[in-house]
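**Student:** Okay, sequence plus prediction incoming.
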Amino acid sequence: MNESQRAFLEELLSTPSPSGFETAGQRVWIEYVSEFADEVTTDEYGNAVARYEGSGDGPKIAFAGHGDEIGFIVRDIIDDGFLRIARIGGADRTVSQGQHVTIHAADGPVQGVIGQTAIHLREVGSEEYTDIAGQFVDIGAKSVEAAEELVEIGDPLTFSTELFELHGSRLSARGMDNRVGTWSAAEGLRAAVEAEVDATVYAVSTIQEEVGVQGAKMVGFDIDPDVAIAVDVTHATDNPDVQGKHKGPVTLGGGPVVSRGSANHPRVVELAREAAANADVDIQLQATGIRTGTDADAFYTSRSGVPSLNLGIPNRYMHTPVEVIDTDDLDAVATLLGSIAEGAGDIDSFAVDL
């Protein structure tokens, strides 16, 4: 990862982009891909699509990450100026209390904290996690009127966290899910451009994946690709507290994860595995017998069906403020996507043999 690529990743991770409020993050992505894409377009809801025309008659292939992150939304302003909140996506009630948050209000960011009663004032040993709907945000306001001058119902919130470098090539931040996917889609497109592949390649940053893969439904219909690869984080299960029944073969730093089953088309899986061998990229395999939980689930049922693949990036502590990834995995994903784009140009049809 060169200096420009690292700066792009850091800007993506430092730009709040909760589902339904992705504009700022999408602008960062668009500005970056515009440097090497033939064309960049957006739709009415803010999905962003960068296109490279390709040098021949190859298929249309889309690399997609989702640009949104989980968060919260102001549900009510109550007595003494406190805020009640609701989830945006799969926010985790077990990690939210006692955290700094930023309310992204119309007049600028407002700082607050999700209150947590001090241990001295609780019945220790009998605590239960409070549902998000029962938690509250303290912005320091002393009244409803004072709070209403700063925020209003419907304003989004995100955790106020930073990007931290851990040992070696590992990073921690909120929103790795899935800014690392949109970074990878952009860098996969760059690799395809540099290789002057025959295929027409789209890099896509979708919106509202965390609330039902909504953006992918729109984009899959609009660009109608021959192949769609959804790049998203997947659970690295190599930390000590993962229960045995959830253990899988995915390790941080072990390379991109190729999913098999459900939405993952066998010919596209084959293409990815061959591309990995050609590019000397180590991959990991993951079973997805029912659904992937990613944009691949929307792409593969778009129109009359789009051969799709969920390509995973190992991630620890998903949907917390301290997600951890390995940048070696990101570099490998970008290389693999470029190799997939090269290999796709030789394929006439992705239909299964019947």
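**Tutor:** Perfect, thanks for sending it.
**Student:** Flag the shaky bits of this protein, pLDDT-wise.
**Tutor:** 244, 246-247 (pLDDT under 70).
**Student:** What helices and strands are in contact with the helix or strand encompassing Glu270?
**Tutor:** Secondary structure assignment for Glu270, by DSSP states H and E: helix 266-279. Secondary-structure packing of helix 266-279 (3 or more CB pairs under 8 Å, 6 or more residues apart in numbering; DSSP states H and E): strand 227-235, strand 257-260, strand 308-315, helix 327-344. No exception for glycine: its C-beta is placed from N, CA and C like everyone else's.
**Student:** Endpoint to endpoint, stretch 297-306 covers what distance?
**Tutor:** Using CA to CA, to the nearest Å, one end of stretch 297-306 lies 10 Å from the other.
**Student:** Tell me what angle the helix holding Glu270 forms with helix 327-344.
**Tutor:** Per axes from the mean of the first three to the mean of the last three CA atoms, to 10 degrees, the angle that helix 266-279 makes with helix 327-344 is 110 degrees.
**Student:** Send me helix 266-279 as CSV with only the CA atoms.
**Tutor:** In CSV, the C-alpha atoms belonging to helix 266-279 read as follows (Å, rounded to 0.1, in the frame of the first residue of the first chain):
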residue,chain,number,x,y,z
PRO,A,266,-19.6,-21.7,-8.8
ARG,A,267,-18.1,-20.4,-12.0
VAL,A,268,-17.2,-17.1,-10.3
VAL,A,269,-15.8,-19.0,-7.4
GLU,A,270,-13.7,-20.9,-9.9
LEU,A,271,-12.6,-17.7,-11.6
ALA,A,272,-11.5,-16.2,-8.2
ARG,A,273,-9.5,-19.3,-7.3
GLU,A,274,-7.8,-19.4,-10.6
ALA,A,275,-7.1,-15.7,-10.4
ALA,A,276,-5.6,-16.1,-7.0
ALA,A,277,-3.3,-18.9,-8.2
ASN,A,278,-2.2,-16.7,-11.2
ALA,A,279,-1.4,-13.7,-9.0
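**Student:** Kindly calculate the angle that it makes with strand 308-315.
**Tutor:** Angle, helix 266-279 to strand 308-315, by the same axes, to 10 degrees: 50 degrees.
**Student:** For the host helix or strand of Arg75, buried residues please.
**Tutor:** Counting by DSSP H and E, the element that carries Arg75 is strand 71-77. Buried residues in strand 71-77, defined by neighbour count with 16 or more other CB atoms under 10 Å: 71-74, 77.
**Student:** State the paired neighbours of it in the sheet, together with their directions.
**Tutor:** As defined by DSSP bridges, the strand partners of strand 71-77 come to strand 83-88 (antiparallel), strand 156-159 (antiparallel).
**Student:** Pull the residues that contact the last one.
**Tutor:** By that I understand strand 156-159. The contact list for strand 156-159, computed with CB atoms under 8 Å, 6 or more residues apart in numbering, reads 16, 18, 20-21, 69, 71-74, 85, 88, 99-104, 112, 137, 174-175, 321.
**Student:** immediately after it, which helix or strand?
**Tutor:** strand 164-165.
**Student:** Partner strands of the following helix or strand past that following strand, with direction?
**Tutor:** Using DSSP H and E, the helix or strand that follows strand 164-165 in sequence is strand 170-173. Looking at strand 170-173 with DSSP bridges, its partner strands are strand 164-165 (antiparallel), strand 323-326 (antiparallel).
**Student:** May I see the helices and strands packed on helix 266-279 organised as JSON lines, with distance to Ala64 and mean neighbour count added?
**Tutor:** Below are those laid out as JSON lines (distance: least, CB to CB, whole Å; neighbours: other CB atoms under 10 Å):
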{"stretch": "strand 227-235", "distance to Ala64": "5", "mean neighbour count": "28"}
{"stretch": "strand 257-260", "distance to Ala64": "14", "mean neighbour count": "22"}
{"stretch": "strand 308-315", "distance to Ala64": "10", "mean neighbour count": "28"}
{"stretch": "helix 327-344", "distance to Ala64": "11", "mean neighbour count": "24"}
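**Student:** Pipe those into CSV and attach distance to Thr292 per row.
**Tutor:** Listed next are those as CSV, based on distance: least, CB to CB, whole Å:
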stretch, distance to Thr292
strand 227-235, 7
strand 257-260, 6
strand 308-315, 4
helix 327-344, 16
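**Student:** Would you tell me which of those gets closest to Gly289?
**Tutor:** Nearest to Gly289, of all these, is strand 257-260, at 9.0 Å by CB to CB.
**Student:** Which strands or helices does that closest one pack on?
**Tutor:** Short answer (3+ CB pairs under 8 Å, 6+ apart): strand 257-260 packs on helix 266-279, strand 284-287, strand 308-315.
**Student:** what's the closest of these to Ala37?
**Tutor:** Nearest to Ala37 among those is strand 308-315 (20.2 Å), distances taken as CB to CB.
**Student:** quick one: that closest one to strand 227-235, angle?
**Tutor:** 30 degrees.
**Student:** All further residue positions should be reported with the first residue as 875.
**Tutor:** Noted, 875 is the first residue going forward, which turns the last one into strand 1182-1189.
**Student:** in the stretch 925-1074 of the chain, which spans are helices?
**Tutor:** With DSSP state H, counting those that start in this stretch as the criterion, the stretch 925-1074 of the chain has helices at 967-970, 1018-1022, 1050-1069.
**Student:** Would you mind writing the CA trace of the longest one as CSV?
**Tutor:** Listed in CSV are the C-alpha atoms of helix 1050-1069, where the atom choice follows Å, rounded to 0.1, in the frame of the first residue of the first chain:
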residue,chain,number,x,y,z
MET,A,1050,-13.8,-0.9,8.8
ASP,A,1051,-17.2,-2.5,7.9
ASN,A,1052,-17.1,-1.6,5.2
ARG,A,1053,-14.8,1.3,4.2
VAL,A,1054,-12.2,-1.4,3.6
GLY,A,1055,-14.5,-2.9,1.0
THR,A,1056,-15.0,0.4,-0.9
TRP,A,1057,-11.2,0.9,-0.7
SER,A,1058,-10.7,-2.5,-2.2
ALA,A,1059,-13.2,-1.9,-5.0
ALA,A,1060,-11.4,1.3,-6.0
GLU,A,1061,-8.0,-0.3,-5.9
GLY,A,1062,-9.3,-3.3,-7.9
LEU,A,1063,-10.5,-0.9,-10.6
ARG,A,1064,-7.1,0.8,-10.6
ALA,A,1065,-5.4,-2.5,-11.1
ALA,A,1066,-7.7,-3.3,-14.0
VAL,A,1067,-7.0,0.1,-15.6
GLU,A,1068,-3.2,-0.4,-15.3
ALA,A,1069,-3.5,-3.9,-16.8
